[in-house]
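> Predicted model, plus sequence, below.
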Amino acid sequence: MAGRGTPATALLSKRGVAHELHTYTHHDGAGYGEEAAAVMGQDPRRVFKTLVALVDGAMTVGIVPVSAQLDLKALAAAAGGKKAVMADVADAERATGYVAGGISPLGQRKRLPTVLDASAQEHPTVFCSGGRRGLEIELAPADLVALTGAVVAPIATG
């Protein structure tokens with residue numbers, strides 16, 4: 001990984017957080033999270049996607065399993081707001097410093113309010129984007145919460 005680090009991996013190293021990196025080759029057209037789970041041979045309920053929404057106009061991150069959808073109403077409530085809508089992709093990329101399909105909840109340009117789906121706590125480790133397409137980080141859910149300042153709440157549906 002020399003020279004191929006990301007702000008997410010740099011944060012993990014700086015904080016000394018136990019984690020494992022997993023790489024795979026992304027194929028255009030495939031859904032990023034679902035593809036990551038399939039290629040790595042992991043349960044899609046353990047592989048999480050990072051989605052950026054606007055809660056009452058403020059950029060907010062929702063982290064949910066790739067096997068589920070983000071419940072915008074539940075995200076708004078967990079973030080202390082009234083209404084949530086998905087953020088424009090370009091705005092999400094600008095706010096986080098990452099490209100779509102590689103947005104990590106870790107090491108974002110500006111730390112955004114974050115909500116992690118409660119199902120993450122059912123697993124000893126979970127996977128999230130490492131900050132670029134084809135890079136996943138495996139870490140303990142408690143470490144993900146600590147590093148992002150996330151609120152844990154049921155925000156996934158389906």
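Right, received. Where do you want to start? As the structure is a prediction and not an experimental result, all values here were calculated from the model.

> ok, and the closest non-adjacent residue to Pro141?
Among residues not flanking Pro141 along the chain, Ala120 sits closest, at 4.1 Å (CB to CB, 6 or more residues apart in numbering). For the C-beta atoms, the positions are set from N, CA and C on the backbone; glycine is no exception.

> That neighbour contacts Gly62, correct?
No - Ala120 is beyond contact range of Gly62, at 11.9 Å (criterion: CB atoms under 8 Å).

> Among those two, which residue is more densely surrounded?
Gly62 (31 against 24; other CB atoms under 10 Å).

> quick one: contacts for that one?
50-53, 70, 75, 114-115, 117, 155 (CB atoms under 8 Å, 6 or more residues apart in numbering).

> Mind checking which of these are in helices?
Members of the contacts of Gly62 lying in helices (criterion: DSSP state H): Leu75.

> Pick out the most distant pair among the contacts of Gly62.
Val52 and Asp117 (14.9 Å; CB to CB).

> Please identify which of the two sits among more neighbours.
The neighbour count for Val52 versus Asp117, taken as other CB under 10 Å, is higher for Asp117 (28 against 25).

> Look up the pLDDT of that one for me, please.
Here the pLDDT value assigned to Asp117 is 98.

> If it is in a bridge, with which residues?
On the basis of DSSP bridges, Asp117 is bridged to Ala153.

> So which residues make contact with the lowest-mean-pLDDT helix or strand in the chain?
The helix or strand of the chain with the poorest confidence is helix 32-40; it has a mean of 81 (mean pLDDT, DSSP states H and E). With contact meaning CB under 8 Å, 6+ apart, helix 32-40 is reached by 22, 24-27, 42-44, 46-49, 66-67, 101-102, 127, 129, 133, 136.
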